[in-house]
Structure formats: C-alpha cells, structure tokens
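Peer 1: Provide a 3D model corresponding to the input given below.
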Amino acid sequence: MSEKTTYLKKRRMAFKYAGRGVQRLIRGEAHARIHTIAMFAVVALGILLHITPTEWCLVALCIGGVFMAEAFNTAIEKLADRVSREEDPLIGAAKDVAAGGVLLMSIAAAAIGLIIFLPKILV
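Peer 2: Next up, the predicted model:
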C-alpha cells in the first residue's frame, strides 16, 4: 500500500470513528437527545423567521458548542467511571466541572438565541 493510500485510509477511518462517537453520544446520553430536539426546534424557527446569514453562523456555533461540551462531558464521565467506581473527590470534581461547562455553554447559547429570536417574535 502506498503512503498516499495509507494516509487516505486513516482519514476515512477517523471520520468513521468520529461518526460512531456522535451516534453513541446521541443514542446513549439523555441530555444529548434533549439538545438534538432543541437543535431541530431552533433550526425550524430560524427557517420560519428568516434569520440572516450572520445569525445562522451564530446559531451554528452555539449548536456546535453545546454538542461539543456535551461530548467532552460524556467522555470525561466515561473515563472517570473506568478509572474508579468508588467515591473519589477529585473524580467527582472533574465530573462536576465538565457538567458545569455544558451548563455554561447552554446558558450562553440560550442567551444568544434570545438575542436573535426574541426581537423577531415580538414584532
């Protein structure tokens, strides 16, 4: 196999693994499913209210940010559970901080959503 073929195969496999990770996230995590429902609602509202390209960029960044935070939180939780099932204050703190990151990103996304959608709804 040539070097180019090996490189392309590795890139293809990387996308496959990433796709599998997204599937695991959405199928296995209740909060990720809630975020998915919210995403579809926000996209439908964006279409309905004809938001601008700049607003779409902000919405897309918020959606991506929330899912990224949820994915990191899930990864940390799974790794921590693998390391130890016993109560450990440091593992508990790591899990709490990761969950807090999801909360902070979700609050920021909601605030941006209100800034974009509220004036259009109230008109």
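Peer 1: helices along the protein, start to end?
Peer 2: 3-28, 30-49, 53-83, 89-122 (DSSP state H).
Peer 1: columns mean neighbour count and mean pLDDT on top of the ones you listed, output as JSON lines?
Peer 2: Every C-beta, even on glycine, is put in place using the N, C-alpha and C of the backbone. Shown next, in JSON lines, are the helices of the chain (neighbours: other Cβ atoms under 10 Å; pLDDT from 0 to 100):
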{"stretch": "helix 3-28", "mean neighbour count": "11", "mean pLDDT": "93"}
{"stretch": "helix 30-49", "mean neighbour count": "14", "mean pLDDT": "97"}
{"stretch": "helix 53-83", "mean neighbour count": "16", "mean pLDDT": "97"}
{"stretch": "helix 89-122", "mean neighbour count": "14", "mean pLDDT": "97"}
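Peer 1: can you tell me which residues contact the most centrally placed residue in the chain?
Peer 2: Centroid-nearest residue in the chain, with Cα atoms, centre = their mean: residue 67, separated by 0.4 Å. Residues in contact with residue 67 (Cβ atoms under 8 Å, 6 or more residues apart in numbering) are 25, 32, 35, 39.
Peer 1: please report how far the residue lying closest to residue 116 once chain neighbours are set aside lies from residue 110.
Peer 2: Nearest non-adjacent residue to residue 116, counting by Cβ to Cβ, 6 or more residues apart in numbering: residue 55, 4.9 Å away. Remark: distance between residue 55 and residue 110 (Cβ to Cβ, to the nearest Å) = 15 Å.
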